[in-house]
Each structure stands twice: as C-alpha cells, then as structure tokens.
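1. 3D model of this:
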Amino acid sequence: MSAAGTLIVGGGQAGFQVAASLREAGYADPVVLIGDEPGLPYQRPPLSKAYLAGKTDAEGLNLRPASYLAEHRIAHRPGTRAARIDRDARRLILADGESLPYDHLVLATGARNRDLPVPGADLAGVRQLRGLADADRLREAIGAAERVVVVGAGFIGLEFAAVAAAHGLAVTVIEAAARPMARAVSAETGAFFRAAHEGWGVRFAFSAGVTAIEGTDGRATGVRLAEGDVLPADLILVGIGVVPNAELAAEAGLAVADGVRVDAFLATEDPAISALGDCARFPSAFATGLGRDDTVRIESVQNAIDQGRCLAARLAGRPAPYGAVPWFWSDQGRHKLQIAGLAGPDDASVLRGSGDAFSVFRFRGGILRAVESVNRAADHMVARRLLAAGTPLTPEQAADPGLDLKALATARG
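-> The predicted model follows:
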C-alpha cells in the first residue's frame, strides 16, 4: 500500500512553503496542497500596496508558476474547502464529501478579517481586504469613489489610506486607539506616520467608535461615530484585525486559544497533525513578558516562510525547534517601516536618527526586544542579527550615536 503522504490545508504562503520545502528537503511521499481560493498560491502583502497602486498585476503575485508545482510533484487542489478531520482514520473530509487520507496533516488555514459589528456593515460600498478578489473589487471602487473612510489605523488601513490619498481621494481614518498602529509600534513611530499621512491629506479621528454605517437604497453613504457625527463616504474599508481560522482544529478536538495551539516544533497534541502560519499559536522566546504563557500568534510573511521550512525539516526527519526572529514591514506612501522582534505597549523606547530616517529601540526589563526602523534598512538588518544572537545592548548604548551597531553585531557573531 502506497504512503498517503502529507496533506496541507491552506494554499497561502505558509501552506505553499511547507510543500516546496518538503521537496527541497528530499521528502519523497505524496504532497497535496488544498486551498479554498481559485488559482495559484500568491503573495498577499502587495495587495494593499503595489497591486492597489497598479504597480503589479495578478500574475506578478504568484509565488510560483503552475509548472513548478508539476515539476515538484505537488498536487494542487484550488477552490477546495476542507469540512472535517477524522483523526481516528487519518482522513480529511472535504465539503463535497470526498475523503482524503493522510500520514501527516498540516493546518495552514490562515485567518479571516474581523467583521465590523454594527448596523449597516453589509451595505454595498463597505469593503475589506484579505484576498485577491477583495483587492480587485477595491481597485474598481477606488476609480469611482470620491470620499473614503477607513475604519482601523493598522497596517492594512494605513497602506490603503496612502494609496487612496495618492489617487486624489478625500480620506478619513477612524481609530479606536489614541494613535495609529498603537498595538504594533511605539508612540514615536506612530507620531511620524500620523504626520506623514496628514501631509498627504489624510484626516484622522482617534479614540473614536463606530456605531453604524449609514446608507441609502442599499448603499453606504457615511459612517456614524459614537459621539453622533456622521462622516460622509462612498467607499468604506474595514481593517480592524483578523480572526484565526481554527474551527477545523477545534471541531476535531485539538487545543485552540486564539489560534491552534502547537509546541516549539509546530506540532499539535495529535502527532499526525501540525499547524503553522497565521492560524497557529506557538511558544516564543521573543514573546517573553508579553502574555501569560509566552506564546504568540504572528501574522507575517516571514513567520509563514520560516515556519514552513522548520516544519518541512521535521517531517523530512530533521527536527529542530522554531526560533526565528519575527520581522515585519509596511510600505506607506514613500516611507518603509521595518520591525524586528516583538514589542509591548509599555516597552521603553530609545531613538536613533532623526527626520525621515530613524530607528526606535524597544526595551523590556532592560533587554532589547524589538527595533522599529523607518527608512533605515541597514538598522533593520543589524537589529535582526542582534536579536537572533541575543547580543547584550543597554538602553544607554542604544542612545549613543557613536556606537557602531554593525560592528557590535559582527563581533557577537
């Protein structure tokens, strides 16, 4: 009887990376990649930036051509939805009733956008951005819109706001927190990007709640705030975070808590099932002091790629715990934000640089935990090396403009 091989649920970056890395590692058994979207696996980060701005097309988003999947014997099944896991029989039941066997099941199910829980959120003109189909609808809507309201000043909301402003649209961003990207970056970095967006004509409403989407004849016309004001809009983008797609795991009896719980090797409590990417919550030394159990769920391309390689190595017989430095980026207008590590809202900040090019070094308990770099790519690369090596660095050293960070990182290495 031939091996059932590895079955991967999720055709995004994480799922594709596992499949590709399995073949690179010499894994010879069948590899099946199931995705609920049509088409080839593609990159999502450009959707809110280059794709919306018209700087790349849909084909340019593809991670690899169809020929790559065929040459590497990766059986790709797009437009296919998984419905249930039969753990006893080691079979995945699809929505159409088909049953697929597996030796190992990988859950790379990603996350979905959080819905705005107010009346009128389902009106025409209210959009979200998660996949290619969303981006296509937004590109069309931008061409017909005049007034845009963005609900949520996170990465996606601000990236979209920058694109909309560049198209000459009147843009207002509503944020429940007191500053942009409050959960992700320091006050210093947030203040810089607020000023940059305001310079592009974007208006902000901070510490503001949305109570309803107003509309006429089934189409949105404005956003009502908690204090009673209505912001007129013919296009509304909702970007208030995501929810991990963990229902498949939960219904199969696997541990779930804001993501599928996995160990340092990305394994669930079922030895035949692993999880990774946006849907997985895992232990991380970089999350020390951020939560009760030092686990984290990370939504980034870097995490998806590195976890894909780590998991593939284990399935190919070379297990090692996952310990990659988390890093992220956001392109907003002409400015590039790069983050290495994981910071908390109460972490201390030390600024290096000034003007349009600076870095903020974040310390927790006197230990360097993260670095936010704005238009300073060299700082970002050094920060990743410092964090990976655990190089001792005090706040006083970070504040010294004469300290050669690159030399410090090189000496430690």
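2. From now on I want contacts and neighbour counts done on CA atoms only, so please keep to that.
-> Noted.
3. So Ser373 belongs to a helix, correct?
-> No: secondary structure of Ser373 (DSSP: H, G, I helix; E, B strand; the rest coil): strand, not part of a helix.
4. Please name the nearest non-neighbouring residue to it.
-> Using CA to CA, 6 or more residues apart in numbering and skipping residues adjacent in sequence, the residue nearest Ser373 is Ser359, 4.2 Å away.
5. wait, doesn't that neighbour sit right on Glu372?
-> Yes: in this structure, Ser359 is within contact of Glu372 by CA atoms under 8 Å, at 5.4 Å.
6. Now do the longest helix along the chain: which elements does it pack against?
-> Taking DSSP state H as the criterion, the chain has its longest helix at helix 301-315. Applying 3 or more CA pairs under 8 Å, 6 or more residues apart in numbering; DSSP states H and E, one finds that helix 301-315 contacts helix 13-24, strand 327-332.
7. Compute the inter-axis angle for the last one and helix 301-315.
-> So the one you mean is strand 327-332. 150 degrees (axes from the mean of the first three to the mean of the last three CA atoms, to 10 degrees).
8. Strand 327-332 and the helix or strand following strand 327-332, what's the angle between them?
-> Next along the chain after strand 327-332, taking DSSP states H and E as the criterion, comes strand 335-341. Strand 335-341 and strand 327-332 are oriented at 170 degrees to each other (the same axes, to 10 degrees).
9. Deepest-packed of the helices and strands packed on helix 301-315, please.
-> helix 13-24 (a mean of 25; mean count of other CA atoms under 10 Å).
10. quick one: contacts of the helix-or-strand element of the chain with minimal mean pLDDT?
-> Across the helices and strands of the chain, mean confidence by mean pLDDT, DSSP states H and E is lowest for helix 405-412: a mean of 81. Here helix 405-412 makes contact (CA atoms under 8 Å, 6 or more residues apart in numbering) with Val382, Arg385, Leu386, Ala389, Thr391.
11. buried ones in that helix?
-> Leu405, Lys406, Leu408, Ala409 (16 or more other CA atoms under 10 Å).
12. Quick check: the last one vs Asp234, distance?
-> As defined by CA to CA, to the nearest Å, Ala409 lies at a distance of 50 Å from Asp234.
13. Then Ile85?
-> Distance from Ile85 to Asp234, by CA to CA: 43 Å.
14. now swap in Asn303 and tell me
-> 36 Å.
15. do Gly168 as well
-> Taken as CA to CA, the span from Gly168 to Asp234 is 14 Å.
16. If you count surrounding residues, which of those two has more?
-> Asp234 (21 against 14; other CA atoms under 10 Å).
17. Verify the contact between the more buried one and Ala220 for me.
-> Yes: if you go by CA under 8 Å, Asp234 and Ala220 touch, sitting 6.2 Å apart.
18. Please identify every residue contacting each of the two.
-> Gly125.
19. Please tell me how far stretch 59-67 is from the chain's geometric centre.
-> 20 Å (CA atoms, centre = their mean, to the nearest Å).
20. Outside of it itself, list whatever touches it.
-> Stretch 59-67 has contacts (CA under 8 Å, 6+ apart) with Gln13, Leu40, Pro41, Tyr42, Gln43, Arg44, Pro46.
21. Tell me which two of the residues you listed sit farthest apart.
-> Taking CA to CA as the measure, these reach their widest spread between Leu40 and Pro46, a distance of 15.6 Å.
22. quick one: which helix or strand includes the residue positioned nearest the centre of the chain?
-> Compute the mean C-alpha point of the chain, and by CA atoms, centre = their mean the closest residue is Glu299, 3.1 Å away. Assigned by DSSP H and E, Glu299 falls within no helix or strand.
23. Disregarding flanking residues, what is the spatial nearest neighbour of it?
-> In space, Glu299 is closest to Asp278, 4.9 Å off (CA to CA, 6+ apart).
24. The one you found in helix, strand or coil?
-> helix.
25. returning to that earlier point: among the contacts of helix 405-412, which one has the most neighbours?
-> Leu386 (26 neighbours).
26. any idea how far the residue lying closest to it once chain neighbours are set aside lies from Pro395?
-> For Leu386, ignoring the flanking residues on the chain, the nearest one in space by CA to CA, 6+ apart is Ala409 at 5.5 Å. Distance of Ala409 to Pro395, computed by CA to CA: 16 Å.
27. I'd say Ser99 and Leu92 touch.
-> Yes: using CA under 8 Å, Ser99 is in contact with Leu92, at 5.6 Å.
28. Who has more neighbours out of those two?
-> Per other CA under 10 Å, whichever of Ser99 and Leu92 has more neighbours is Leu92, with 21 against 17.
29. for the more buried one, what are its contacts?
-> Remark: with contacts taken as CA under 8 Å, 6+ apart, Leu92 is in contact with Ala82, Ala83, Arg84, Ile85, Asp86, Ser99, Leu100, Pro101, Tyr102.
30. Pull stretch 148-161 out as CSV, backbone CA atoms only.
-> What follows is stretch 148-161, C-alpha atoms only, in CSV (Å, rounded to 0.1, in the frame of the first residue of the first chain):
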residue,chain,number,x,y,z
VAL,A,148,-13.2,57.3,1.6
VAL,A,149,-13.4,56.3,5.2
VAL,A,150,-11.1,53.7,6.7
VAL,A,151,-12.1,52.0,9.9
GLY,A,152,-8.9,50.9,11.7
ALA,A,153,-5.4,52.6,11.6
GLY,A,154,-3.4,49.3,11.5
PHE,A,155,-1.0,48.4,8.7
ILE,A,156,-3.7,47.5,6.1
GLY,A,157,-5.8,50.5,6.9
LEU,A,158,-2.9,52.9,6.6
GLU,A,159,-1.4,51.3,3.5
PHE,A,160,-4.8,51.6,1.8
ALA,A,161,-5.2,55.2,3.0
